[in-house]
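# I need the structure of the sequence given here:
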Amino acid sequence: MARVDILWGDTDGTPRVTPATLEDKSHSGVSVRLKDPIQIGSHITVRWGSEQVSGTVTNCRREKSGFILGVKLEADGGRDWK
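Numbers count the residues shown, from 1 in each chain. Presented below is the predicted three-dimensional model:
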């Protein structure tokens, strides 16, 4: 698990940033834990240090300590994890 920042635009198009925890990663997606939900279908960027990946929120479920987002990564890169 690593601390990351989630960047996205809300329903009004206002840029947003929120802290999150990277829970899991694979070649095709990531899951992150955060305090507030992000709408399914939203395009987000997950950033940590000098690294970042972008994708689309495919699911968002409530857990005891917040929400878990499932994110499908874009096909054009962002899969070379270090």
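
# Give me the nearest residue to residue 24, chain neighbours excluded.
residue 31 (4.6 Å; C-beta to C-beta, 6 or more residues apart in numbering). For every residue, glycine as well, the C-beta is placed using N, CA and C.

# and the one you found, what are its bridge partners?
Taking DSSP bridges as the rule, residue 31 bridges to residue 24, residue 70.

# for residue 41, helix, strand, or coil?
Classification of residue 41 into helix, strand or coil gives coil, according to DSSP: H, G, I helix; E, B strand; the rest coil.

# What is the burial count for it?
Around residue 41 there are 8 other residues, counting by other C-beta atoms under 10 Å.

# doesn't residue 56 make contact with residue 42?
Yes. Residue 42 lies in contact with residue 56 (C-beta atoms under 8 Å); the separation is 7.1 Å.

# Who has more neighbours out of those two?
Between residue 42 and residue 56, counting by other C-beta under 10 Å, residue 42 is the more crowded of the two (19 against 15).

# neighbours around the nearest residue to that one once chain neighbours are set aside, how many?
Once flanking residues are discounted, residue 42 sits nearest to residue 57: 4.7 Å by C-beta to C-beta, 6+ apart. Neighbour count of residue 57, defined by other C-beta under 10 Å: 20.

# With residue 8 instead?
Residue 8, neighbours per other C-beta under 10 Å, totals 18.

# which residues touch it?
Residues in contact with residue 8, defined by C-beta atoms under 8 Å, 6 or more residues apart in numbering, are 15-16, 38, 42-45.
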